[in-house]
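Asker: test case, fold it:
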Amino acid sequence: MDFEIRSAQDMAELVERWGFLPFFANDVKGFSIEEHCPGELWFSNETDGPWEWKAPAMKLCGGMYGKLFAGKAGYVSRAWLADLANFRRDGYDFDSRMDEGIAPEKDCYVYTTILGEGRVTSRRLKQLCNFNKNGNKGFETVMTRLQMQTYICVSDFVYDRDKFGRPYGWGVAEYTAAESLLGDDALRSAYRRKPEKSYELIFEHLRKLLPEASDENIKKLIQR
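Answerer: Numbers count the residues shown, from 1 in each chain. A predicted model of the protein is given here:
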């Protein structure tokens, strides 16, 4: 687990190497970007750091970024996306969930809005779906659930710009339907397997990668 992250390229390489990479420290010691990136790079005024590298790293590794680990952010490499989607979706495309009436109404509204927009920032999506103090509630819950189920993901981060065109402030997440960004095959090629088999493959991979982690802590990271 000895690897230091000092660039977006380093971050992408670690995603490729491990297959799964949470952004923040968790119950599995050493299994996060936070623990492998020097502290001075996190909030530096002189150089970019992990906050700014999130989107570039995602594009470099070709995988998925979003709330994928117990509702917390992180990456999954392209090589493991299909099995994660197969397990997390329990064999259902989102259309199938809607047809069978097992997708919550708010999830359907948010997902179809994202699909219609193509790419949309969280700020704009709240407005489009009427999530506000006097309207719908539970926006973050819906967004986390759809990301955990791998139906949507972060496609980029959008920054405000000053009069010189320079980005500043915190980037606002832009979302898209996962298949729109990554392609059908990347998400659905493991559908021929039972979801339980995909879970076993992921668990065994992480069991070998993280020999000192408990089975329970690994299960927490990959559970639905």
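Asker: use CA for all of it now, contacts and neighbours both
Answerer: Will do.
Asker: quick one: L182 from D95, how far?
Answerer: Relative to D95, L182 is positioned 18 Å away (Cα to Cα, to the nearest Å).
Asker: what about those two, which has more around it?
Answerer: Neighbour count, other Cα atoms under 10 Å: between L182 and D95, L182 has more, with 18 against 12.
Asker: and after the least confident helix or strand in the chain by mean pLDDT, which helix or strand comes next?
Answerer: None of the helices or strands of the chain scores lower by mean pLDDT, DSSP states H and E than strand 167-177, at a mean of 84. Next along the chain after strand 167-177, taking DSSP states H and E as the criterion, comes helix 178-182.
Asker: against which helices or strands is that next one packed?
Answerer: Applying 3 or more Cα pairs under 8 Å, 6 or more residues apart in numbering; DSSP states H and E, we find helix 178-182 packed against strand 152-161, helix 184-188.
Asker: I would like the residues contacting it, please.
Answerer: Helix 178-182 is contacted from outside by 62-64, 118, 150-153, 155, 186-187, using Cα atoms under 8 Å, 6 or more residues apart in numbering.
Asker: following whichever helix in the chain runs longest, which helix or strand comes up?
Answerer: Looking across the chain with DSSP state H, the single longest helix is helix 195-209. Sequence-wise, the next helix or strand downstream of helix 195-209 (DSSP H and E) is helix 215-222.
Asker: any buried residues in that following helix, and which?
Answerer: Within helix 215-222, the residues scored as buried using 16 or more other Cα atoms under 10 Å are 218-219, 221-222.
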